[in-house]
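Trainee: pasting a predicted model and its sequence here:
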Amino acid sequence: MDTRKTAILAIATVVVFGWSTVMAAMGHAAALASLAPVLGLTVQQVVRALRTRPDPPAAGVPDGQDGAR
């Protein structure tokens with residue numbers, strides 16, 4: 001990953017977990033417990049969106065698995 005994507009990922013992670021820390025400090029443990037899966041999913045989606053994807057194979061290029069030579 002390049003530096004910009006790493007910075008965005010770090011900022012998003014800090015914001016999400018910082019928000020949950022503030023909720024816990026304010027005494028909203030019940031709300032935090034019910035939202036914990038959402039926090040994890042948010043971080044997972046940010047990470048998945050920022051990862052580089054390999055280019056798909058070009059159309060019409062044989063992959064060698066059909067027995068053709």
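Mentor: Everything's here; your move.

Trainee: mind listing what the residue most central in space within the chain touches?
Mentor: Nearest to the mean C-alpha position of the chain, by C-alpha atoms, centre = their mean, lies residue 47 at 2.3 Å. For residue 47, the contact set (C-beta atoms under 8 Å, 6 or more residues apart in numbering) comprises residue 9. The way it works is simple: take the backbone N, C-alpha and C, and place the C-beta from them, glycine included.

Trainee: and the helix or strand hosting residue 32, which residues are buried?
Mentor: According to DSSP states H and E, residue 32 maps onto helix 29-50. For helix 29-50, a neighbour-count test (16 or more other C-beta atoms under 10 Å) marks 32, 39, 42, 43, 46 as buried.

Trainee: switch these over to TSV; also include distance to residue 4.
Mentor: What follows is the buried residues of helix 29-50, written out as TSV (distance: C-beta to C-beta, whole Å):
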residue	distance to residue 4
32	31
39	24
42	20
43	18
46	14
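
Trainee: for those, which one is nearest residue 3?
Mentor: Residue 3 has its nearest neighbour among those in residue 46, at 16.3 Å by C-beta to C-beta.
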